[in-house]
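Peer 1: 3D model of this:
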Amino acid sequence: MGTENYHISSSIVVRNKVAINNGAVFFEKKDGDELTFIKELYKQLKSEYPKFYKMDNLCKLAFVAAELLLKDRKLSYASDEIALVLSNASSSLDTDRTYFNSVEEKSNYFPSPAVFVYTLPNIMMGEICIRHHFLGENAFFISEKFDADLLAEYSSNLLSSGKSSCVIAGWVEINGNNWEAAMFLVEATGKQDLSAANLEKIYSGIG
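Peer 2: Take a look at the predicted model:
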């Protein structure tokens, strides 16, 4: 089966301190930095998940993106039927820099286990899976830029193989002041056909 047999039933984009849910602005806050915005968005979502504040920045961004995507949605699939497929360009570089700074100077050597534990991008996937009790397929890819073809094709393959009945696919990137996330809920039925072109339009803010 090709991607045309599946659909995008929900989507979100978080970029430039604006959170968009299915094409409509859910929350925006122009003052303050990106981290402040993400914390405010978390409060708007009323998630009540105290562990959020212990996460690194990449996990915080991914966490609120998933919360927004699944807001008011109750997935009717078994836990092992829900797959999570994410990607970015910088891996966990944002946190890697923080950890490196803690060990760079021998005279001020203070490596933090709380930081080190987040120096792998799959940790952010684990945080989402723990939160939502997902037990299905997991995959994380490094791409130079948002790769709509990869996400569409991989999601389609998971669904057509019978390994998954639902896929949460997306892009979660932090590098310096560039914070952005785009997530898509892919199912057998939905608002838009699953295609690289449609994923690209949503990611670009024109779909």
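Peer 1: what separates Ser161 from Ala66, distance-wise?
Peer 2: According to Cβ to Cβ, to the nearest Å, Ser161 stands 23 Å off from Ala66. No exception for glycine: its C-beta is placed from N, CA and C like everyone else's.
Peer 1: For those two, indicate the residue with more neighbours.
Peer 2: Between Ser161 and Ala66, counting by other Cβ atoms under 10 Å, Ala66 is the more crowded of the two (28 against 10).
Peer 1: Please, which helix or strand holds that one?
Peer 2: helix 57-69 (DSSP states H and E).
Peer 1: which helices and strands sit right next to that helix?
Peer 2: strand 7-15, strand 18-21, helix 34-45, helix 93-103, helix 122-132, strand 166-175, strand 178-187 (3 or more Cβ pairs under 8 Å, 6 or more residues apart in numbering; DSSP states H and E).
Peer 1: need the ones you listed in CSV with distance to Asn157 and mean neighbour count, can you?
Peer 2: Output for the helices and strands packed on helix 57-69, formatted as CSV (distance: least, Cβ to Cβ, whole Å; neighbours: other Cβ atoms under 10 Å):
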stretch, distance to Asn157, mean neighbour count
strand 7-15, 16, 22
strand 18-21, 27, 19
helix 34-45, 31, 18
helix 93-103, 28, 17
helix 122-132, 18, 19
strand 166-175, 10, 24
strand 178-187, 11, 23
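Peer 1: nearest to Glu28, of the ones you listed?
Peer 2: Nearest to Glu28 among the helices and strands packed on helix 57-69 is strand 18-21; the distance by Cβ to Cβ comes to 4.3 Å.
Peer 1: which secondary structure elements does that closest one contact?
Peer 2: With contacts defined as 3+ Cβ pairs under 8 Å, 6+ apart, the packing partners of strand 18-21 are strand 7-15, strand 24-28, helix 57-69.
Peer 1: Kindly state the distance between the middle of the helix holding Ala66 and the middle of its chain.
Peer 2: 6 Å (Cα atoms, centre = their mean, to the nearest Å).
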